[in-house]
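In: What would the 3D arrangement of this be:
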Amino acid sequence: MLIYILTQVPSSFLVVIPNVQSVSSTMMLAAAFFLASAIVIYIAYRFVFKYTQRSMTQRVELRDIWYIVGGYVITVISDNVLMALNNLIYHQSDTPNNQMIRDSFMDANWMVTVLLIVEIVLITPITEELIFRGVLFNLFFSPNRIGLRTLLSTSLFAAVHATDTIFGFLLYAFSGIVFATVYAKTGKLQNAMALHVVMNAAATVAILLS
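Out: Residues are numbered from 1 along each chain as shown. Have a look, this model is predicted:
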């Protein structure tokens, strides 16, 4: 999980930016944010390539698009069902993870808002898929143990997202299962990344409009 800890380094620059007054310092911190993100993605990608010997980008086929669209529809339905149960039983209309994101946007200036959107919509999906589906899915268990691979990557994926109810945990766990299934069925990590990007983009738009 050391790689996942490294993924938190770029976010530290977003914490510092609001406390900086000069434009030049702000731009330097923004550049440092992108540089740190690129380094983390590169390190994660090298780990993935070591265990899979596959490029992160492969030719897109029609079936890839169907898996992404289908995964999105299934995940949206499951999210709505689980959040409804979470609200009914625990009286929570949102997960602590989403609430933290919402609070971050409320307290952010325009620069941090833009960087937050980039981080949530692009950087986080790429790094998380590299780590949880790329590394953890392939590092343990034999190739034919798809169920165990999915269980491991999904459990850790759900665990790192802030939640304090069983339905909140299951919400992220089910998303992890869908991401892992899309990756396992297509053999292309880029498809899981694309689905993750779409999910995070939709969630970000909903938060900004709420």
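
In: This protein: helices as residue ranges?
Out: In the chain, the helices defined using DSSP state H lie at 2-6, 9-16, 23-52, 62-90, 96-106, 110-118, 124-128, 137-139, 146-159, 166-186, 189-209.

In: can I get those in TSV with mean neighbour count?
Out: Where C-beta positions appear, they are placed from N, C-alpha and C, glycine not excepted. Formatted as TSV, these follow (neighbours: other C-beta atoms under 10 Å):
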stretch	mean neighbour count
helix 2-6	13
helix 9-16	16
helix 23-52	16
helix 62-90	15
helix 96-106	15
helix 110-118	16
helix 124-128	22
helix 137-139	21
helix 146-159	18
helix 166-186	21
helix 189-209	19
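
In: ranking the ones you listed by mean pLDDT, which is last?
Out: Least confident of these, judged by mean pLDDT, is helix 2-6 with a mean of 73.

In: who touches that helix?
Out: With C-beta atoms under 8 Å, 6 or more residues apart in numbering as the test, helix 2-6 has contacts from Val40, Ile43, Ala44, Phe47, Ile131, Val135, Val160.

In: Likewise for stretch 187-205?
Out: 48, 52, 54, 56-58, 60, 64, 67-68, 71-72, 75-76, 98, 101, 117, 120-122, 124-126, 128-130, 133-134, 175, 178-180, 182-183.

In: Can I get it as PDB, trimmed to CA atoms?
Out: Output in PDB follows, covering the C-alpha atoms of stretch 187-205 (Å, rounded to 0.1, in the frame of the first residue of the first chain):
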ATOM      1  CA  GLY A 187      -8.100  -7.500 -20.500                       C
ATOM      2  CA  LYS A 188      -7.600  -3.800 -20.800                       C
ATOM      3  CA  LEU A 189      -6.900  -1.600 -17.800                       C
ATOM      4  CA  GLN A 190      -7.800   1.500 -19.800                       C
ATOM      5  CA  ASN A 191     -11.500   0.400 -19.800                       C
ATOM      6  CA  ALA A 192     -11.600   0.300 -16.000                       C
ATOM      7  CA  MET A 193      -9.900   3.700 -16.000                       C
ATOM      8  CA  ALA A 194     -12.400   5.100 -18.500                       C
ATOM      9  CA  LEU A 195     -15.400   3.800 -16.500                       C
ATOM     10  CA  HIS A 196     -13.900   5.200 -13.300                       C
ATOM     11  CA  VAL A 197     -13.400   8.600 -15.000                       C
ATOM     12  CA  VAL A 198     -17.000   8.700 -16.100                       C
ATOM     13  CA  MET A 199     -18.200   7.800 -12.600                       C
ATOM     14  CA  ASN A 200     -16.100  10.400 -10.900                       C
ATOM     15  CA  ALA A 201     -17.000  13.000 -13.500                       C
ATOM     16  CA  ALA A 202     -20.700  12.400 -13.000                       C
ATOM     17  CA  ALA A 203     -20.300  12.500  -9.200                       C
ATOM     18  CA  THR A 204     -18.300  15.800  -9.400                       C
ATOM     19  CA  VAL A 205     -20.900  17.400 -11.600                       C
END
